[in-house]
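**Student:** Need a 3D model of the sequence below.
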Amino acid sequence: MSSDFEAYELDFGTITAEVTNKIGRIPKLSGEEKTQLVLNVDKQLEEVRELLEQMDLEVREIPIQSRPMYNSRLKSYKGEIEKLEKDFKRSRIAYSDEVRNDLLGDDAGSSENQLIKLREERAHLLDNTEKLERSSRRLEAGYQIAVETEQVGQEILSNLHSDREKIQKARERLRETDANLGKSSRILTGMLRR
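**Tutor:** Residues are numbered from 1 along each chain as shown. Alright, predicted model coming up:
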(Lines give C-alpha, C1' and ligand atoms only; values in the text may rest on other atoms or scores of the structure.)
Protein backbone atom coordinates (compact mmCIF):
# COMPACT_ATOMS: atom_id res chain seq x y z
CA MET A 1 0.00 0.00 0.00
CA SER A 2 2.87 2.36 0.71
CA SER A 3 3.99 1.79 -2.88
CA ASP A 4 0.64 3.23 -4.04
CA PHE A 5 1.20 6.19 -1.72
CA GLU A 6 4.66 6.74 -3.20
CA ALA A 7 3.26 6.53 -6.74
CA TYR A 8 0.73 9.21 -5.79
CA GLU A 9 3.60 11.27 -4.36
CA LEU A 10 5.44 11.11 -7.69
CA ASP A 11 2.31 12.21 -9.56
CA PHE A 12 1.80 14.98 -6.99
CA GLY A 13 5.36 16.25 -7.46
CA THR A 14 5.10 16.23 -11.25
CA ILE A 15 1.75 18.01 -11.41
CA THR A 16 2.61 20.62 -8.77
CA ALA A 17 5.85 21.45 -10.59
CA GLU A 18 3.87 22.01 -13.80
CA VAL A 19 1.27 24.10 -11.94
CA THR A 20 3.95 26.25 -10.31
CA ASN A 21 5.51 26.94 -13.70
CA LYS A 22 2.15 27.82 -15.25
CA ILE A 23 1.14 30.05 -12.35
CA GLY A 24 4.30 32.08 -12.92
CA ARG A 25 3.34 32.56 -16.58
CA ILE A 26 -0.30 33.61 -16.06
CA PRO A 27 0.30 37.31 -15.18
CA LYS A 28 2.40 37.77 -18.32
CA LEU A 29 -0.39 36.60 -20.61
CA SER A 30 -3.65 38.17 -21.71
CA GLY A 31 -6.79 37.32 -23.61
CA GLU A 32 -7.63 33.82 -24.75
CA GLU A 33 -4.17 32.46 -24.01
CA LYS A 34 -4.46 33.54 -20.37
CA THR A 35 -7.98 32.09 -20.11
CA GLN A 36 -6.85 28.74 -21.48
CA LEU A 37 -3.88 28.59 -19.12
CA VAL A 38 -6.09 29.48 -16.13
CA LEU A 39 -8.55 26.71 -17.06
CA ASN A 40 -5.66 24.25 -17.49
CA VAL A 41 -4.19 25.13 -14.08
CA ASP A 42 -7.61 24.89 -12.46
CA LYS A 43 -8.04 21.39 -13.92
CA GLN A 44 -4.59 20.32 -12.70
CA LEU A 45 -5.29 21.68 -9.21
CA GLU A 46 -8.44 19.54 -9.16
CA GLU A 47 -6.30 16.52 -10.12
CA VAL A 48 -3.93 17.33 -7.26
CA ARG A 49 -6.86 17.54 -4.82
CA GLU A 50 -8.03 14.11 -5.99
CA LEU A 51 -4.49 12.76 -5.54
CA LEU A 52 -4.50 14.09 -1.97
CA GLU A 53 -7.80 12.32 -1.33
CA GLN A 54 -6.34 9.07 -2.70
CA MET A 55 -3.24 9.52 -0.54
CA ASP A 56 -5.45 10.11 2.49
CA LEU A 57 -7.31 6.87 1.78
CA GLU A 58 -4.00 5.00 1.40
CA VAL A 59 -2.75 6.34 4.74
CA ARG A 60 -5.84 4.92 6.43
CA GLU A 61 -4.95 1.47 5.07
CA ILE A 62 -1.32 1.61 6.26
CA PRO A 63 -0.46 -0.21 9.53
CA ILE A 64 -0.84 2.01 12.61
CA GLN A 65 2.86 2.06 13.47
CA SER A 66 3.75 3.59 10.07
CA ARG A 67 0.88 6.08 9.86
CA PRO A 68 2.46 9.06 11.66
CA MET A 69 5.23 9.34 9.07
CA TYR A 70 2.76 9.22 6.16
CA ASN A 71 0.35 11.58 7.93
CA SER A 72 3.06 14.20 8.34
CA ARG A 73 3.98 13.89 4.65
CA LEU A 74 0.32 14.20 3.68
CA LYS A 75 -0.08 17.26 5.92
CA SER A 76 2.93 18.84 4.22
CA TYR A 77 1.41 18.20 0.79
CA LYS A 78 -1.89 19.72 1.88
CA GLY A 79 -0.03 22.85 3.00
CA GLU A 80 1.74 22.96 -0.34
CA ILE A 81 -1.51 22.74 -2.30
CA GLU A 82 -3.07 25.52 -0.18
CA LYS A 83 -0.10 27.75 -1.00
CA LEU A 84 -0.39 26.86 -4.70
CA GLU A 85 -4.09 27.71 -4.68
CA LYS A 86 -3.40 31.10 -3.09
CA ASP A 87 -0.64 31.81 -5.61
CA PHE A 88 -3.02 30.80 -8.40
CA LYS A 89 -5.68 33.23 -7.19
CA ARG A 90 -3.17 36.04 -6.98
CA SER A 91 -1.79 35.28 -10.43
CA ARG A 92 -5.28 35.37 -11.95
CA ILE A 93 -5.88 38.90 -10.71
CA ALA A 94 -2.36 40.18 -11.25
CA TYR A 95 -2.03 42.59 -14.15
CA SER A 96 0.83 42.34 -16.56
CA ASP A 97 3.09 45.40 -16.81
CA GLU A 98 1.65 46.31 -20.17
CA VAL A 99 -1.98 46.17 -19.02
CA ARG A 100 -1.16 48.11 -15.85
CA ASN A 101 0.56 50.84 -17.86
CA ASP A 102 -2.42 51.04 -20.20
CA LEU A 103 -4.78 51.41 -17.26
CA LEU A 104 -2.75 53.80 -15.16
CA GLY A 105 -0.59 55.60 -17.69
CA ASP A 106 2.97 56.67 -16.94
CA ASP A 107 2.09 58.31 -13.63
CA ALA A 108 1.33 54.96 -12.06
CA GLY A 109 3.35 55.73 -8.93
CA SER A 110 0.52 57.58 -7.19
CA SER A 111 -2.02 54.93 -8.15
CA GLU A 112 0.26 52.02 -7.33
CA ASN A 113 -0.97 51.89 -3.73
CA GLN A 114 -4.58 51.83 -4.90
CA LEU A 115 -3.80 49.00 -7.28
CA ILE A 116 -2.06 47.02 -4.53
CA LYS A 117 -5.01 47.61 -2.23
CA LEU A 118 -7.41 46.53 -4.96
CA ARG A 119 -5.41 43.35 -5.55
CA GLU A 120 -5.40 42.55 -1.85
CA GLU A 121 -9.15 43.07 -1.63
CA ARG A 122 -9.75 40.89 -4.67
CA ALA A 123 -7.47 38.19 -3.27
CA HIS A 124 -9.35 38.40 0.03
CA LEU A 125 -12.69 38.10 -1.78
CA LEU A 126 -11.43 35.12 -3.78
CA ASP A 127 -10.24 33.46 -0.56
CA ASN A 128 -13.66 34.00 1.02
CA THR A 129 -15.38 32.65 -2.08
CA GLU A 130 -13.20 29.55 -1.98
CA LYS A 131 -14.02 29.05 1.71
CA LEU A 132 -17.73 29.35 0.94
CA GLU A 133 -17.41 26.83 -1.89
CA ARG A 134 -15.57 24.39 0.39
CA SER A 135 -18.22 24.84 3.10
CA SER A 136 -20.95 24.24 0.53
CA ARG A 137 -19.23 21.03 -0.59
CA ARG A 138 -18.96 19.88 3.02
CA LEU A 139 -22.62 20.68 3.66
CA GLU A 140 -23.62 18.80 0.53
CA ALA A 141 -21.55 15.79 1.60
CA GLY A 142 -23.09 15.94 5.08
CA TYR A 143 -26.57 16.09 3.58
CA GLN A 144 -25.78 13.08 1.39
CA ILE A 145 -24.61 11.12 4.45
CA ALA A 146 -27.80 12.09 6.31
CA VAL A 147 -29.95 10.87 3.41
CA GLU A 148 -28.03 7.58 3.24
CA THR A 149 -28.32 7.16 7.03
CA GLU A 150 -32.06 7.77 6.83
CA GLN A 151 -32.40 5.10 4.12
CA VAL A 152 -30.44 2.60 6.21
CA GLY A 153 -32.64 3.45 9.21
CA GLN A 154 -35.78 2.84 7.18
CA GLU A 155 -34.46 -0.53 6.03
CA ILE A 156 -33.64 -1.50 9.62
CA LEU A 157 -37.13 -0.47 10.79
CA SER A 158 -38.68 -2.50 7.97
CA ASN A 159 -36.57 -5.54 8.95
CA LEU A 160 -37.53 -5.12 12.62
CA HIS A 161 -41.23 -4.92 11.69
CA SER A 162 -40.92 -8.09 9.62
CA ASP A 163 -39.08 -9.86 12.46
CA ARG A 164 -41.79 -8.77 14.93
CA GLU A 165 -44.49 -10.30 12.72
CA LYS A 166 -42.53 -13.56 12.49
CA ILE A 167 -42.10 -13.67 16.28
CA GLN A 168 -45.82 -13.02 16.82
CA LYS A 169 -46.74 -15.83 14.40
CA ALA A 170 -44.29 -18.19 16.10
CA ARG A 171 -45.77 -17.26 19.52
CA GLU A 172 -49.29 -17.96 18.21
CA ARG A 173 -48.20 -21.35 16.86
CA LEU A 174 -46.58 -22.09 20.22
CA ARG A 175 -49.86 -21.30 22.04
CA GLU A 176 -51.80 -23.54 19.64
CA THR A 177 -49.27 -26.33 20.13
CA ASP A 178 -49.46 -25.86 23.90
CA ALA A 179 -53.27 -26.04 23.75
CA ASN A 180 -53.10 -29.18 21.59
CA LEU A 181 -50.61 -30.73 24.00
CA GLY A 182 -52.97 -29.93 26.88
CA LYS A 183 -55.86 -31.63 25.06
CA SER A 184 -53.68 -34.63 24.21
CA SER A 185 -52.56 -34.87 27.81
CA ARG A 186 -56.16 -34.84 29.05
CA ILE A 187 -57.19 -37.47 26.50
CA LEU A 188 -54.27 -39.71 27.45
CA THR A 189 -55.03 -39.25 31.15
CA GLY A 190 -58.67 -40.17 30.47
CA MET A 191 -57.59 -43.25 28.49
CA LEU A 192 -55.26 -44.35 31.28
CA ARG A 193 -58.06 -44.10 33.87
CA ARG A 194 -60.32 -46.37 31.79
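
**Student:** What residues sit buried inside stretch 53-61?
**Tutor:** Q54, M55, D56, E58, V59 (16 or more other C-beta atoms under 10 Å). For every residue, glycine as well, the C-beta is placed using N, CA and C.

**Student:** How about residues contacting it?
**Tutor:** With contact meaning C-beta atoms under 8 Å, 6 or more residues apart in numbering, stretch 53-61 is reached by M1, S2, D4, F5, Y8, E9, F12, R67, Y70, N71, L74, Y77.

**Student:** For the one helix or strand the third one maps to, could you pull out the residues that count as buried?
**Tutor:** Read that as D4. Using DSSP states H and E, D4 maps to helix 2-25. For helix 2-25, burial by neighbour count (16+ other C-beta under 10 Å) applies to F5, Y8, E9, D11, F12, I15, T16, V19, K22, I23.

**Student:** Go ahead and confirm the last one touches D87.
**Tutor:** Pointing back at I23 there. Yes: counting by C-beta atoms under 8 Å, I23 touches D87, with 5.2 Å between them.

**Student:** Kindly reformat the buried residues of helix 2-25 as TSV containing distance to V147 and pLDDT.
**Tutor:** Converted to TSV, those look like this (distance: C-beta to C-beta, whole Å; pLDDT from 0 to 100):
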residue	distance to V147	pLDDT
F5	32	81
Y8	30	88
E9	35	88
D11	33	89
F12	33	89
I15	34	90
T16	35	91
V19	35	89
K22	39	87
I23	38	86
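
**Student:** The lowest-mean-pLDDT helix or strand in the chain: what's the following helix or strand?
**Tutor:** Least confident helix or strand, the chain: helix 97-104 with a mean of 54, by mean pLDDT, DSSP states H and E. Later in the chain than helix 97-104, the nearest helix or strand by DSSP H and E is helix 108-193.
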